[in-house]
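[1] give me coordinates for this.
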Amino acid sequence: MAAEHVKVLIIGSGPAGYTAAIYAARANLNPVLYQGLQPGGQLTITTEVENYPGYPDGVQGPEMMQDFEKQARRMGADIRFGIVTAVDLSKRPFRVIVDEEKEITADALIIATGASAKWLGLESEQRLNGRGVSACAVCDGFFFRGKEVAIVGGGDTACEEALYLSKLCTQVHMLVRRDQMRASQIMQERVKHTPNIRIYWNTQTVDILGEDKVEGVKIKNTVTGEERVIPVSAFFVAIGHQPNSQLFAGQLDMDENGYIRTRPGSTYTSVEGVFACGDVQDKIYRQAVTAAGSGCMAALDAERYLSAQEHARRKEAGSVVS
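    Numbering: from 1, shown residues only. Coordinates of the predicted model:
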């Protein structure tokens, strides 16, 4: 069977992918978007979203992603359920395999595969996810103003989120697995000098307590073996994110953590005609609104790239006068 050819192929949904689809469709690029394993991305496992502009009363994460998808479809984007299982970026048009069988070629490729939070692996962690367990303090800390919360992690992200929570919550219990942090010295100093952040060294999270909401966390000191329960209303996991970029390993330039590198001020990757947007290339902000903004950038970059390619072809054919 001959491969299907498209102008713009978008891999991944979520705010970045859907926004790229909206802009690409309005530019008459007839984009095709494959939603991936988790249509809508991380926001589909988020409850209340209060910090996205345009929703004055807040919105449930899954509902917001349905709105994004509906708008993209209304603009004319071809949105399909399927998982991209292989890519070949060594030549143009780019070759993509969907669900290990369907072959598609594309003149431009927009990668919006996002990132996945790393979890501790506790049953209670997943059961209470969205009910007080969160992997984003900036997203969800607001709901626990004036309450005590716990956060696990020892890197810069954990310190940043602990400091953010300290401005909202009465007490932040910071659980660090080792006897020292991995965070930069300046971040460690800020945390240590914040009165309402208490650090627990050599601490393992045994369980998160509560049936329908977080009511406490059971911890264990790995040196003394002592166990204790801390009453908290929320439990934040800040042990890192894993960008969903494995599919492009060895074909695109990435940093040491697997985030796709893009040219500063753009979504251009190391391969001409391939663009990356959202959390797969953003390890700093990781917000829905910034992901949507970079999705817009990717579509505009792809449009300009394809326009330049078409101009060059016409010029070569003698139909364009310089």
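[2] verify the stated contact: Thr19 with Ala299.
    Yes - if you go by Cβ atoms under 8 Å, Thr19 and Ala299 touch, sitting 7.4 Å apart. Glycine gets a C-beta too; all of them are placed from N, C-alpha and C.
[3] lowest-pLDDT helix or strand in the chain?
    strand 48-49 (a mean of 82; mean pLDDT, DSSP states H and E).
[4] what helices and strands are in contact with that strand?
    strand 59-60, helix 61-75 (3 or more Cβ pairs under 8 Å, 6 or more residues apart in numbering; DSSP states H and E).
[5] go with 10 Å
    Here strand 48-49 is seen to pack against strand 59-60, helix 61-75, helix 137-140 when contacts are counted using 3 or more Cβ pairs under 10 Å, 6 or more residues apart in numbering; DSSP states H and E.
[6] make CSV out of the ones you listed and add mean neighbour count, mean pLDDT and distance to Gly225.
    Listed next are the helices and strands packed on strand 48-49 as CSV, based on neighbours: other Cβ atoms under 10 Å; pLDDT from 0 to 100; distance: least, Cβ to Cβ, whole Å:
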stretch, mean neighbour count, mean pLDDT, distance to Gly225
strand 59-60, 17, 90, 42
helix 61-75, 18, 95, 40
helix 137-140, 22, 88, 30
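[7] nearest to Val229, out of the ones you listed?
    Comparison of these against Val229 by Cβ to Cβ identifies helix 137-140 as nearest, at 21.8 Å.
[8] hey, where'd the helices end up in the stretch 51-200 of the chain?
    61-75, 123-127, 137-140, 156-166, 185-192 (DSSP state H, counting those that start in this stretch).
[9] which one of those helices lies closest to Lys91?
    helix 61-75 (28.9 Å).
[10] returning to that earlier point: pipe the helices of the stretch 51-200 of the chain into TSV and attach distance to Asp255 per row.
    Below are those laid out as TSV (distance: least, Cβ to Cβ, whole Å):
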stretch	distance to Asp255
helix 61-75	27
helix 123-127	27
helix 137-140	22
helix 156-166	15
helix 185-192	19
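[11] ok, the closest residue to Asp253 other than its chain neighbours - contacts?
    Nearest non-adjacent residue to Asp253, counting by Cβ to Cβ, 6 or more residues apart in numbering: Ser270, 3.7 Å away. With contact taken as Cβ atoms under 10 Å, 6 or more residues apart in numbering, Ser270 is in contact with 89, 251-254, 260-263, 276.
[12] only whichever of the residues you listed are buried, select them in PyMOL.
    Entered in PyMOL, the line below selects the buried ones among the contacts of Ser270, by 16 or more other Cβ atoms under 10 Å:
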select buried, resi 89+251+252+254+260+262+276
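[13] before we move on, the earlier item: joint contacts of Thr19 and Ala299?
    10, 277.
[14] burial count for Thr105?
    17 (other Cβ atoms under 10 Å).
[15] now swap in Val84 and tell me
    22.
[16] and the pLDDT for it?
    What the model reports as pLDDT for Val84 is 96.
[17] same check on Thr46?
    69.
[18] turn the helices and strands packed on strand 48-49 into JSON lines, including distance to Ala317.
    Formatted as JSON lines, those follow (distance: least, Cβ to Cβ, whole Å):
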{"stretch": "strand 59-60", "distance to Ala317": "50"}
{"stretch": "helix 61-75", "distance to Ala317": "31"}
{"stretch": "helix 137-140", "distance to Ala317": "51"}
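[19] which one of the ones you listed lies nearest to Pro15?
    With Cβ to Cβ as the measure, helix 61-75 is the member of the helices and strands packed on strand 48-49 nearest Pro15 (6.5 Å).
[20] leaving out sequence neighbours, find the closest residue to Phe81.
    Phe81 sits nearest to Gln35 (Cβ to Cβ, 6+ apart), 5.4 Å away.
[21] oh, that last question was meant for Phe68, not what I typed.
    Tyr18 (3.8 Å).
[22] fine, thanks again, bye for now.
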